[in-house]
Structures are given as C-alpha cells and as structure tokens.
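In: Okay, predicted coordinates and the sequence, questions at the end:
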Amino acid sequence: MTSRLITIESADDPRIAEFRDIRERDLTGRESRFIAEGTVVLRMLAAAHGGEGDFEAEKVLLLRNRVDGVSSILDGLPETVPVYVAEAEVLDRIVGFHLHRGVLALGRRKPAAADLIERLPARALVLVGCGISNHDNAGSMFRNAAAFKADAIFLDETSCDPLYRKALRVSVGSVLTVPYQRGGDAVDVLTRLAEQGFAIWTLSPRGETDIRQIPASDRMALVVGTEGEGLPEAVLSRFRTARIPQSEGLDSLNVAMATGIALFAMSSAAGLI
C-alpha cells in the first residue's frame, strides 16, 4: 500500500486540480464527474468500480492519517487509480476549508448502456421526483429508495443533480447503487412509465386515496414534488392521487420524510419488505 501512495506537498499541484475549492466549484455536469466524500461513499464507489455498475473512480485524495483506516477499500480499486495523500494543512488549502473527514475521491458516471425504463424488471417499484431542487432532500430520497427496495429513481429536468457532493453524502452513497435517470418533462416520463404498465400514484396532502389503501400491482410508481408548491396540476390531473393521513392543521410533511413513509407503504403492499 505504501508504494502506491503519491504525496502532494502543494495545493497547486495539477494532479489534484479537480479537488480544489470544492464548495465553490461542483463537478456535476462536467463530463459526468463528481466528488465523493467520506469513507462510506468511497466504499460504495469502490464497490461499483470495474463491475457492471454505472460508476468508476478516477483518483483518490486522502488526509495522510486516514490511509490506514481505508486501506481495505483502496485494495478494491485497480492499481491504475492513483491515491494521493496530503498533510492536513495542505489538504485544507486544496479543498478550501477544514475537511475533517479527510477522504475524497473523483468519480465518473459511465454512459448508460440502455434506456432505464427499458431495463426495469417485470415487477418493479420506482420513485419519480418533480422539481426536487434541495440537495438534502434529493440525497434522502435515494437513501429511502435503497431502504425500501425501489428499483429506480427518475428525476425530471427541473430537479437537481444527485451527484452534487452534498446530495451524494446525505444519500450515504445510495446514489451510486440505486439506478436513476435525470432529465425530460415529468409528464412525458410518467406517460412512458404508464405505457409500460406502471400504476402511477402521485403524492399530495389532498390526495384521494389513503397511502395505506393503495392496491398492490406488479409495477408501481410513486411521484413526489417539491416542498411548498408540490406537484404541478399537469401531473395531478392525469394520474391517481394518494395522501399520507396526518394531524389537522399541518399543511404537509418534508418531501424526504413523506417519500420514506409512502415507499414503505407501497413496498409493503407489493410484498417487497
């Protein structure tokens, strides 16, 4: 392991340019590259690398005293993935703030082999997000999807990129394990899912069906919108609506919380958990 480590002594070293000032310059949208932060996310990235997964690691940057703690993870990466190490003072200058975790990696999303809808199994539960602009909520949605065995997530063109560093961290790496597709108009995506036999259920405080009463079907899609405005009328008017019963006087739940409750109910109805 020691022979594999490459010491970085200057924050201006061009080999670690992608890690500079990561709060100010996010890498999403730049040739599908992103920053993975923390031991858990690095482990997920290493597990995805080299197999049939959608992601691979390009390089790793570590605080020197974190090397031993992640050595087993690094062993799972090919020798062609460089591992850079730096002392705390240098690392802080590179990233632009005190990075107490001391574990970073540059990852890349590989081109999709085929359209995600076409790859879904005969029995499937999917989550669809419309206008999800908060990175914390996006990350939590992926974590919920992984917990309740959703097969995929679809995000419309107005939703944020889940590969943003904070979303990826909040998801505890689930962005790297739950297949997803981002882009397009929400109604168009839902129409395609309906054509593929999915029962579409939109979540709204004024939904007609109690979430606990949704009948099981082989293919189900849960649709959630942004906090405040909720789902657009163009979506609510076309598909069935569901609600989570709650105390009077409370307008709605946080979208991340609501997603978890609703996915649990639908996954239970489908016999997935």
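Out: Done, it's in. Numbering: from 1, shown residues only.
In: which parts of the helix ranked longest in the chain are buried?
Out: Ordering each helix of the chain by length in residues (DSSP state H) puts helix 255-269 first. By neighbour count on 16 or more other CB atoms under 10 Å, the buried set for helix 255-269 is 255-256, 258-267, 269. All C-beta atoms are positioned from the backbone trio N, CA, C, and that covers glycine.
In: so where is this protein shaky, pLDDT-wise?
Out: 1-2, 23-31, 50-52, 251 (pLDDT under 70).
In: can you give me the strands for it?
Out: Here the chain has its strands, by DSSP state E, at 5-7, 33-37, 55-63, 83-86, 103-109, 124-130, 152-155, 180-182, 199-203, 209-210, 219-225, 240-243.
In: Could you tell me how many residues sit around D210?
Out: Applying other CB atoms under 10 Å, we find 12 other residues in the vicinity of D210.
In: Show me what it is bridged to.
Out: Counting by DSSP bridges, D210 forms beta bridges with R243.
In: so who does it touch?
Out: A242, R243, P245 (CB atoms under 8 Å, 6 or more residues apart in numbering).
In: Nearest residue to the middle of this structure?
Out: Nearest residue to the geometric centre of the chain (CA atoms, centre = their mean): V175, 2.8 Å.
In: Help me confirm that it comes into contact with P162.
Out: Yes - using CB atoms under 8 Å, V175 is in contact with P162, at 4.7 Å.
In: so what's in contact with those two at the same time?
Out: Common neighbours of V175 and P162 (criterion: CB under 8 Å, 6+ apart): G139, F142, L168.
In: residue contacts, the residue nearest to the centre of the chain?
Out: V175 touches G139, F142, P162, L163, A167, L168, counting by CB under 8 Å, 6+ apart.
In: For the fourth one, the count of nearby residues, please.
Out: Using other CB under 10 Å as the criterion, L163 is surrounded by 26 other residues.
In: Break down the stretch 101-250 of the chain into its helices, ranges please.
Out: 116-119, 135-147, 165-170, 186-195, 233-236 (DSSP state H, counting those that start in this stretch).
In: In CSV, list the ones you listed along with distance to G53.
Out: Compiled in CSV, these are given as follows (distance: least, CB to CB, whole Å):
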stretch, distance to G53
helix 116-119, 13
helix 135-147, 14
helix 165-170, 15
helix 186-195, 23
helix 233-236, 31
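In: Go through those and name the closest to L61.
Out: Smallest distance to L61 across the helices of the stretch 101-250 of the chain (CB to CB): 13.3 Å, for helix 165-170.
In: Return the alpha-carbon coordinates of the closest one using CSV.
Out: Only the C-alpha atoms of helix 165-170 are listed here, as CSV (Å, rounded to 0.1, in the frame of the first residue of the first chain):
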residue,chain,number,x,y,z
ARG,A,165,-21.4,16.4,-3.3
LYS,A,166,-23.9,17.1,-0.5
ALA,A,167,-26.7,15.0,-2.1
LEU,A,168,-24.3,12.1,-2.5
ARG,A,169,-23.1,12.4,1.1
VAL,A,170,-26.7,12.6,2.5
